[in-house]
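Asker: what would the 3D arrangement of this be:
(3 chains)
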Amino acid sequence: MRWSNAVMQRIAGSQLVPGRPLVHFVRDPELLRRLSNDFGKKQSGLEKEIHKLAGEDFNIGSPKQLGDILFGRMGVEGGRKTKTGAWSTDVDVLEEVAAQGHPIAQKVLEWRGLAKLRGTYTEALPGYINPKTGRVHTSYAMASTSTGRLASTDPNLQNIPVRTEEGRRIRQAFIAAKGNQLISADYSQIELRLLAHIANIPQLKKAFAENLDIHAMTASEIFGVPIKGMPAEVRRRAKAINFGIVYGISGFGLANQLGIPQSEASDYIKKYLARFPGIRDYMETTKEFARTHGFVETLFGRRIHIREINSKIPGFRGGAERAAINAPIQGSAADVIRRAMVRLPGALAEKKLSARMLLQVHDELIFEAPLKEIEPTRKLVSSVMEKAGL
DNA sequence: TCGGCAAGCCAC
DNA sequence: AAACGTGGCTTGCCGA
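Answerer: Numbering: from 1, shown residues only, chains lettered A, B, ... in the order given. Predicted coordinates for the structure are as follows:
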């Protein structure tokens, strides 16, 4: 059986009704208000310092003004232009400028972080509270991504901050109803596991079967370093390679990501592919399949069309080739979690458990469950999610 | 006032 | 020859 995205929508629609809220999240608006204040104060402090360092009161939120001041008036070296010819002021550029000894760059980065958290989250989320339910409700688009992932909008609850300490404080505003608790269950390394399976890589499959640290194992294979006592930096590089492989990496991209010379990055990739030759086979076979058929398939036979795969424009073609490599992996992961989502409400009902499925974040499901049912709910959710590929 | 684009950045 | 996949939201800016 072949599933197009449209069919997936009907199947999934038995649980997830398009256009209607699926998600019900209690919010703590008071905490968001406090965070907004807190972030705002830090922001105005930084604003004064930045204006002083720049010698003028410009709009920090305007990349154009910032770029002109840094690389024009202040004569900072080593700038880069965006495709429209304006000075780029993105994170990488500003970090480089900061490293050159211009304290203004670091201040601007901090200011931007706070502006982002305030503008996108702490200030915006309260406006989404439904007065009837007191909760924020998102909408899920079920057939709007090429790979079969869901997309969350109005508000997007799939990109709530988690990587920085300040960002994590925002998550504390998401709370369960009285007498309930949130349960989060996420697939561990689902895309790498799928890659190991789809490309049939014995070492990777074995490592996963034995529950080993996959990044450390990769590092050990590529760099010949024993896993025991491995420096964190070595593992970090292997982790970046693992992620990059799934995305159709290049030496340039990896070098950029790790801040190392391109020659070194290319060398890593070469070693990786020599160690796991099945990965190169998978990449070549997948590209060839896409060129011939115009689509690739997930593990469950759902097709993903790759329109530019035979394009004569190298940029388009290259992009299409990377998309073709990534789509079966990302798409199969999307299939697996959808299967779990379709099965879960019935499985919960059968066990007389009253947990509600609140959110999906690509490899993670979040539930709200009564305190007394936490343990059985955890067990059932894990079990259904683990068997979802079967 | 609205729309769209560019730049930037949040998540997986 | 280009350079790491999938998304959504905000601000600044410009033109209708």
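
Asker: isn't there a helix covering A:Ser354?
Answerer: No. Residue assignment for A:Ser354, taken from DSSP: H, G, I helix; E, B strand; the rest coil, gives coil, which places it outside any helix.

Asker: distance check, the spatially closest residue to A:Gln65 that is not a sequence neighbour against A:His51.
Answerer: In space, A:Gln65 comes closest to A:Phe58 once its chain neighbours are excluded; the distance is 4.6 Å by Cβ to Cβ, 6 or more residues apart in numbering. C-betas here are computed from N, CA, C, even on glycine. Between A:Phe58 and A:His51 the distance, using Cβ to Cβ, to the nearest Å, works out to 7 Å.

Asker: residues in contact with the residue in the stretch 251-390 of chain A that DNA strand B sits nearest to?
Answerer: Closest approach of the stretch 251-390 of chain A to DNA strand B (Cβ to the nearest atom of the strand) occurs at A:His362, with a separation of 3.4 Å. Residues in contact with A:His362, defined by Cβ atoms under 8 Å, 6 or more residues apart in numbering, are A:149-150, A:158, A:333-334, A:337.

Asker: and if you look at A:Pro376?
Answerer: Contacts for A:Pro376 were tallied using Cβ under 8 Å, 6+ apart; they are A:351, A:353.

Asker: and A:Gly259, how many neighbours?
Answerer: Using other Cβ atoms under 10 Å as the criterion, A:Gly259 is surrounded by 10 other residues.

Asker: which parts of the stretch 101-250 of chain A sit against DNA strand C?
Answerer: Applying Cβ under 7 Å from any atom of the strand, one finds that the stretch 101-250 of chain A approaches DNA strand C through A:115, A:119-120, A:123-124, A:141, A:144-147, A:149, A:151-156, A:158-159, A:240, A:243-244, A:246-250.

Asker: again, only this time at 6 Å
Answerer: Contact residues of the stretch 101-250 of chain A with respect to DNA strand C, defined by Cβ under 6 Å from any atom of the strand, are listed as A:119-120, A:124, A:141, A:144-147, A:149, A:151, A:153-156, A:159, A:240, A:243-244, A:247-250.

Asker: from those, which land in helices?
Answerer: Using DSSP state H, the subset of those located in helices is A:240, A:243-244.

Asker: derive a PyMOL selection command for the buried subset of the residues you listed.
Answerer: Once 16 or more other Cβ atoms under 10 Å is used to decide burial, the buried members of those can be selected in PyMOL as follows:
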select buried, chain A and resi 240+244
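
Asker: and the ones in helices among the residues of the stretch 101-250 of chain A next to DNA strand C, which is closest to DNA strand B?
Answerer: Nearest to DNA strand B among these, with distances taken as Cβ to the nearest atom of the strand, is A:Phe243, at 8.9 Å.

Asker: OK, contacts around that closest one?
Answerer: Applying Cβ under 8 Å, 6+ apart as the definition, A:Phe243 turns out to have no contact partners.

Asker: the lengthiest helix in chain A vs DNA strand C: in contact?
Answerer: Counting residues, the longest helix in chain A under DSSP H turns out to be helix A:314-350. Yes. Between helix A:314-350 and DNA strand C, judged by Cβ under 6 Å from any atom of the strand, the touching residues are A:314-315, A:318-319, A:322-323, A:326, A:330.

Asker: just checking that helix against DNA strand B, any contact.
Answerer: No. Counting by Cβ under 6 Å from any atom of the strand, no contacts exist between helix A:314-350 and DNA strand B, the nearest distance being 7.8 Å.

Asker: any buried residues in that helix, and which?
Answerer: Judged by neighbour count (16+ other Cβ under 10 Å), helix A:314-350 contains these buried residues: A:317, A:319-342, A:344, A:348.

Asker: what element comes up after that helix heading to the C-terminus?
Answerer: Secondary structure here is assigned by DSSP states H and E; on that basis, the next helix or strand after helix A:314-350 toward the C-terminus is strand A:356-360.

Asker: pLDDT on that next one, on average?
Answerer: Within the predicted structure, the mean pLDDT of strand A:356-360 is 93.

Asker: tell me which strands that strand pairs with, and in which orientation.
Answerer: According to DSSP bridges, the neighbouring strands of strand A:356-360, each with its direction, are strand A:364-370 (antiparallel).

Asker: next, count neighbours for the nearest residue to A:Glu373 once chain neighbours are set aside.
Answerer: Residue nearest to A:Glu373 in three dimensions, not counting chain neighbours: A:Leu353, with 5.3 Å by Cβ to Cβ, 6+ apart. Neighbour count for A:Leu353, taken as other Cβ under 10 Å: 17.
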